[in-house]
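# With the sequence up front, the predicted model follows.
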Amino acid sequence: MTSPSATPFPRLQACGLVKRYAATTALAGVDLDLADGESLAVTGPRGSGKSTLLHTLAGVLVPDEGSVRLHGRDVATLGERDRSLLRRRHFGFVFQFGQLLSELTAAENVALPPMLLGTPRGQALTHARQWLAALGLEGMEDRRPGELTGGQAQRVAVARALVTGPAVVFADEPTGALDPATGAEVMRVLTEATRAAGASLVVVTGDREVAAWCSRRIEVRDGRVVADERAAVGATAR
């Protein structure tokens, strides 16, 4: 579980991001730097542009104007194939409903990303089992998603996001399908595991309690960042 190497650039940097859908402007000139190991909550009302911001930062969407740079490399100028490869190698993803493959075991779900990058199956499964044990799921490696609770399934999703040693983990409403107590536990695991792995974290959420787990919070309204604040030292240590 090695940390991504440091560079003289911000880990992830967005400059002047503009994204339009027909007559609707979802992002209206967003500037944002994400530091090494930083956890960032992106908040705002429904339709504010926060999910579009996450998808643009992650290279899923290409901005109409502006740039997104990972360690100084402009992601937005890459072709679809290269952006897909960059996402596999350098980004991890946690979704609201986990999006685990129901026919695979927990270990197989976690092993899939490194296998897609060429890691032999046996080696990938060994690494996957190590991650599952580290996240409190030892003994559950051979269970399928339908045999796990919602919180356990999200822990598997966190392990899957971190198994390749990503530079940045993106989490889109990671607790939206969970009750408050389980959601808090998932956020504890997510923030602690990404910090220990040396990854930066971007969480999109409409829940203030979820946002409070992150070291920095921005608010997006009408496609613009209208607030940017950092937690007091020690405030996120739960």
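Cool, got the structure.

# Report the buried residues of the longest helix anywhere in the chain.
Secondary structure of the chain read by DSSP state H shows that its longest helix is helix 180-197. Buried residues in helix 180-197, counted by 16 or more other Cβ atoms under 10 Å: 182-187, 189-195, 197. Every C-beta, even on glycine, is put in place using the N, C-alpha and C of the backbone.

# swap in stretch 14-33?
Buried residues in stretch 14-33, counting neighbours by 16+ other Cβ under 10 Å, are found at 14-15, 17-19, 25-28, 30, 32.

# so where's the protein uncertain?
Along the chain, the model assigns pLDDT under 70 to residues 1-8, 98, 232-238.

# Can you list the residue ranges for strands in it?
12-21, 24-34, 39-43, 65-70, 73-74, 91-94, 168-172, 200-204, 216-221, 224-230 (DSSP state E).

# how about the nearest residue to L70 once chain neighbours are set aside, what does it touch?
What sits nearest to L70 in space, not counting adjacent residues and going by Cβ to Cβ, 6 or more residues apart in numbering, is L12, at 5.7 Å. For L12, the contacting residues are 32-34, 57, 68-70, 167-168, 200, 202, by Cβ atoms under 8 Å, 6 or more residues apart in numbering.

# with those residues in mind, which one is nearest to G146?
V202 (29.1 Å; Cβ to Cβ).

# what's the burial count for that closest one?
26 (other Cβ atoms under 10 Å).

# Pull the contacting residues for the closest residue to Q13 other than its chain neighbours.
Distances taken as Cβ to Cβ, 6+ apart put R69 closest to Q13, at 4.5 Å, once the chain neighbours are dropped. Neighbouring residues of R69 by Cβ under 8 Å, 6+ apart: 9-10, 12-15, 75.

# So which residue is dead centre in this protein?
Taking Cα atoms, centre = their mean, the centroid of the chain lies closest to F170, which sits 1.5 Å from it.

# G66 versus that residue, what's the distance?
18 Å (Cβ to Cβ, to the nearest Å).

# now do G79
Taking Cβ to Cβ, one finds G79 at 18 Å from G66.

# if you count what's nearby, which of those two comes out ahead?
G66 (17 against 8).

# Confirm for me that the more buried one is in contact with G29.
Yes: using Cβ atoms under 8 Å, G66 is in contact with G29, at 7.4 Å.

# what touches both of the two?
With Cβ under 8 Å, 6+ apart as the test, G66 and G29 both reach 16-18.

# okay, the contacts of L12 in a markdown table with distance to T119 next?
As requested, the contacts of L12 are exported to a markdown table (distance: Cβ to Cβ, whole Å):
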| residue | distance to T119 |
| --- | --- |
| L32 | 32 |
| D33 | 32 |
| L34 | 27 |
| L57 | 26 |
| V68 | 27 |
| R69 | 27 |
| L70 | 22 |
| A167 | 18 |
| V168 | 20 |
| S200 | 23 |
| V202 | 25 |
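
# closest to V225 among the residues you listed?
Distances from V225 to the contacts of L12, taken by Cβ to Cβ, are shortest for L32, at 6.8 Å.

# so what's the closest one bridging to?
A14 (DSSP bridges).

# if we can go back for a sec, let's have the strands of the chain in a markdown table, adding distance to L148.
As requested, these are exported to a markdown table (distance: least, Cβ to Cβ, whole Å):
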| stretch | distance to L148 |
| --- | --- |
| strand 12-21 | 31 |
| strand 24-34 | 31 |
| strand 39-43 | 25 |
| strand 65-70 | 32 |
| strand 73-74 | 37 |
| strand 91-94 | 15 |
| strand 168-172 | 18 |
| strand 200-204 | 22 |
| strand 216-221 | 30 |
| strand 224-230 | 35 |
